[in-house]
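**Student:** sequence plus the predicted model coming up.
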Amino acid sequence: MRTEIAFEFYFFLPKDKMFQRLKVIVKKVAKENTRFLVVGFPMEFEKFSQFKQQITTNLHILFLDVDYSTAQQKYHENSQLPAEEKALADARFLSKLSHFYEESMVLTEVLDSQTQLHKVNGNMDDQAILKELSNYVGQAGK
């Protein structure tokens, strides 16, 4: 069994289109006996419920748990903004991160017994994070 990682943006699609696209991917994946990784989704309980009903019940969630200062540091390392724009970008980034944690924490508290939550310590170095994520992805197919 192989794992397919494809980057697609679902957040800007209407919900019905988003789930239509995911169904196409799942149908293709099922034929090839391939797992798939959806990054950053579902984040809200309503989407999570729809995902379980319409897409799959065999769900593993990888939650990259990182403190705000580490997240901000990694954001700075990967950001290519001019210095004068960084303060405003920092404020927006921290606001979005805070919203993400609020929504995600609610979701992780109401997971059913079929869903497996794997928390990954995002404060580790990049190689250690990648190794842990790879281990979880490998376990998901078993």
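**Tutor:** Cool, got the structure.
**Student:** any low-confidence regions in the protein?
**Tutor:** Counting by pLDDT under 70, the chain contains low-confidence residues at 1-16, 25, 29-43, 56-57, 112, 140-142.
**Student:** doesn't residue 63 fall inside a strand?
**Tutor:** Yes. Residue state for residue 63 (DSSP: H, G, I helix; E, B strand; the rest coil) corresponds to a strand.
**Student:** how near is it to residue 91?
**Tutor:** Shown here: residue 63 relative to residue 91, a distance of 24 Å by C-beta to C-beta, to the nearest Å. Using the backbone N, CA and C atoms, a C-beta is placed for each residue, glycine as well.
**Student:** who's more crowded, the two?
**Tutor:** The residue with more neighbours, out of residue 63 and residue 91, is residue 63; 14 against 10, by other C-beta atoms under 10 Å.
**Student:** and the closest residue to that one other than its chain neighbours, which of the three is it?
**Tutor:** The spatially closest residue to residue 63, leaving aside those adjacent along the chain, is residue 119, at 4.9 Å (C-beta to C-beta, 6 or more residues apart in numbering). Recorded secondary structure, residue 119: strand (three-state DSSP).
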